[in-house]
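> 3D, please:
(one chain, ligands or ions: 2)
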Amino acid sequence: MAEDCIFCQIVDGEIPARVVYEDADVLAFLDANPLAPGHTLVIPKDHHERLGDVPPESGEMMFAALHYLTPIVEDVVDADGSNVAFNNGEAAGQEVPHVHGHIIPRFDDDGGRPVHAVAGERPDLADDELDDIADSIAEGAGEE
Ligand code: AMP
Ligand code: ZN
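Ligands and ions are numbered 1, 2, ... in the order given. Prediction:
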């Protein structure tokens, strides 16, 4: 546990939260400042700042919980859809440095935007740059 981390303190029961799901590795609770009814955060219980810091097993459990909970959250608030997303790192808007997935219910005509709206200006990338990026990612992912 990281002493000064709010989400670790929620895991330890030191500060209250509206917990909606818990297993050995994962906790899910309502966001205290919701963007929509049902806005839920899913975290690994162990303290890791970013997705890349999370060990594989813990990551699998977190994504399994997101997968499990998303339709339940949508049903409970009668949502028409949801955005499921991570602010991964300060540059991406992460404020609480304990990795967490957001389940944000969405409603027809709620005035919100798609996840495409979160980034800055679209870059103008040439085909060879896209090829290089794809090749490098594939190489990093262990593809031939
Ligand atoms: P992020 O910008 O992805 O780091 O989002 C952090 C989220 O945590 C925000 O949506 C906050 O409303 C939420 N949050 C901060 N403190 C608490 C808390 N004590 N309980 C529940 N949610 C919280
Ligand atoms: Zn933490």
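> alpha carbons only for contacts and neighbour counts from here, please
OK.
> roughly how far apart are the nearest residue to residue 108 once chain neighbours are set aside and residue 70?
The spatially closest residue to residue 108, leaving aside those adjacent along the chain, is residue 80, at 6.2 Å (CA to CA, 6 or more residues apart in numbering). Here residue 80 is placed at a distance of 12 Å from residue 70 (CA to CA, to the nearest Å).
> Also residue 81?
9 Å.
> tell me what the lengthiest helix in the chain is packed against?
Counting residues, the longest helix in the chain under DSSP state H turns out to be helix 56-77. Secondary-structure packing of helix 56-77 (3 or more CA pairs under 8 Å, 6 or more residues apart in numbering; DSSP states H and E): strand 26-30, strand 40-44, strand 81-85, strand 101-106.
> Now do the first one against strand 101-106, angle only.
With axes from the mean of the first three to the mean of the last three CA atoms, to 10 degrees as the criterion, the two stretches strand 26-30 and strand 101-106 enclose an angle of 40 degrees.
> what does the third one give?
Orientation check (the same axes, to 10 degrees): strand 81-85 against strand 101-106 gives 160 degrees.
> Give me the contact status of strand 81-85 with ligand 1.
No - applying CA under 6 Å from any ligand atom, one finds that strand 81-85 is not in contact with ligand 1, the shortest distance being 8.6 Å.
> Residue 21 belongs to a strand?
Yes - Residue 21: assigned to a strand according to DSSP: H, G, I helix; E, B strand; the rest coil.
> still on that earlier bit, what's the closest of the helices and strands packed on helix 56-77 to residue 115?
With CA to CA, the closest approach to residue 115 among the helices and strands packed on helix 56-77 belongs to strand 81-85: 7.2 Å.
> Tell me which other helices or strands that closest one touches.
For strand 81-85, the contact count by 3+ CA pairs under 8 Å, 6+ apart identifies helix 56-77, strand 101-106 as packing neighbours.
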